[in-house]
Every structure is written in structure tokens, then in C-alpha cells.
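Colleague: predicted coordinates and the sequence they were generated for:
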Amino acid sequence: MEGESRWTLADITALFDGLFAQRYQTRLVRGGDEPLYTPADATTPYHQVIFARGFYASALHEISHWCIAGAKRRQWEDYGYWYLPDGRNAEQQAAFESAEIAPQALEYLFTQACGRRFHISVDNLGGGVPVDRDAFQARVMDRAQRYEREGLPKRAAAFCHALEAYYQQGLSCEVAIAQGIARLQ
């Protein structure tokens with residue numbers, strides 16, 4: 001089993017920023033307890049994809065959300081979506097799961113490109129409702145297969161390619177970024 005040192009925050013940040021900082025004025029930023037997307041403003045001249053607590057998996061998940069969000073949504077904090085923390089009721093959990101299928105499907109594909117193990121997240125450990133983790137995972141995997149058949153969104157495809165080039169093919173970060181940028185053209 002590969003050690004965690006294979007996947008560094010410096011690498012994932014360099015790959016993301018190398019692909020997207022100039023073209024989309026967006027950077028990947030290590031954050032605190034909660035992830036957040038913030039658009040550029042008067043104090044920060046670039047958009048920030050902020051991932052939680054320095055977790056590599058959180059970075060991949062938040063990048064997945066960013067890759068799906070359209071230009072309009074990328075102008076709003078957290079893309080204008082609602083988020084209710086752990087402890088959701090059945091209706092809230094169903095809405096959460098519906099909103100999480102596509103991002104977790106992309107996260108799965110990114111995780112595969114890195115050679116890591118994917119962990120599904122129903123993100124409601126303290127909720128008072130039963131969660132069918134297996135059914136949710138099946139829906140995420142179905143969506144991932146659909147992405148593989150029909151193609152990923154443009155930014156996701158570029159990022160996934162850069163991850164594969166770096167982690168699977170052993171190319172340098174610079175070459176992986178250049179190949180990813182070519183996919184954005």
C-alpha cells in the first residue's frame with residue numbers, strides 16, 4: 001500500500017492552480033473546519049476553492065463542485081447553494097444526496113486518476129434518520145459511469161487528465177499542467 005506522502009497538498013494545489021489560476025482567476029486554498037467557495041472581492045483578487053482541514057479528499061471534493069459550477073454560480077459564495085450541516089431530517093438528507101451525486105461522481109473519477117481509494121460521504125452522521133449508504137453509492141457510481149460514457153465537463157476533464165499524467169504516468173507537474181491546459185483550449 002502506498003504511503004500518504006505520495007499525495008501531497010503541495011502537489012494538488014500546484015496542479016489546480018497551474019491549470020486554473022490564470023485562466024479562471026481561481027486558486028485552491030487550505031481552510032479550517034468547513035469547506036467554502038468564495039468569489040473574488042475587493043480584498044482577494046481571485047476566487048478561492050477552500051478545502052477543509054488540509055484533507056486531500058476534501059480538496060478533490062471541493063474541486064469537483066467547482067468543476068460543475070457554471071460561470072454565474074462561480075460569482076456567488078458557495079455557488080449560491082444551501083448547505084445544512086450534520087443532523088439533517090429525511091427530506092433535507094434526500095435533497096443533500098441529490099445535490100451530491102454529480103460532485104461525488106467527479107470526486108470518484110479524480111480519486112481514481114490519483115490512484116487513491118474513494119470514500120462515499122452521506123455526511124449526516126448525527127442525523128436522526130436512517131441513510132441508505134449503499135443506494136447512494138450506487139447512484140454516485142452510475143453517474144460516474146455516465147460521465148465516462150458521455151464525457152466530463154471541460155474543467156473536470158482537464159483536471160482529471162492532469163491528475164492521471166502526474167500520478168499514473170509519472171510526468172512532471174509542469175508537463176501534467178501543460179497537458180491539462182491543452183484540454184481547456
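Modeller: In hand now; what should we look at?

Colleague: ok, residue 75 - contacts?
Modeller: residue 39 (Cβ atoms under 8 Å, 6 or more residues apart in numbering). C-beta coordinates here come from the backbone N, C-alpha and C atoms, glycine included.

Colleague: confidence score at it?
Modeller: Listed pLDDT for residue 75 reads 97.

Colleague: that one and residue 36, how far apart?
Modeller: In this structure, residue 75 and residue 36 are separated by 15 Å, where distance is defined by Cβ to Cβ, to the nearest Å.

Colleague: also residue 178?
Modeller: From residue 178 to residue 36 the distance is 30 Å (Cβ to Cβ).

Colleague: now residue 171
Modeller: For residue 171 relative to residue 36 (Cβ to Cβ), the value is 31 Å.

Colleague: pLDDT weak spots in the chain?
Modeller: Low-confidence regions of the chain, defined here as pLDDT under 70, cover residues 1-4, 84-85, 124-127.

Colleague: try 50 this time
Modeller: Applying pLDDT under 50 to the chain flags residues 1-3.

Colleague: roughly how far out does the lengthiest helix in it sit from the chain middle?
Modeller: Ordering each helix of the chain by length in residues (DSSP state H) puts helix 90-114 first. Computed by Cα atoms, centre = their mean, to the nearest Å, the separation of helix 90-114 from the middle of its chain amounts to 9 Å.

Colleague: need phi/psi at residue 170.
Modeller: Taking degrees, to the nearest 10, you get phi 70, psi 20 for the backbone angles of residue 170.

Colleague: tell me the contacts of residue 133?
Modeller: Under the contact definition (Cβ under 8 Å, 6+ apart), the residues listed for residue 133 are 120, 122.

Colleague: quick check: next helix or strand after the helix or strand where residue 13 lies?
Modeller: Taking DSSP states H and E as the criterion, residue 13 maps to helix 9-24. Scanning the chain past helix 9-24 towards its C-terminal end, the next helix or strand to appear is strand 26-30 (assignment: DSSP H and E).

Colleague: please consider this matter closed, and thank you.
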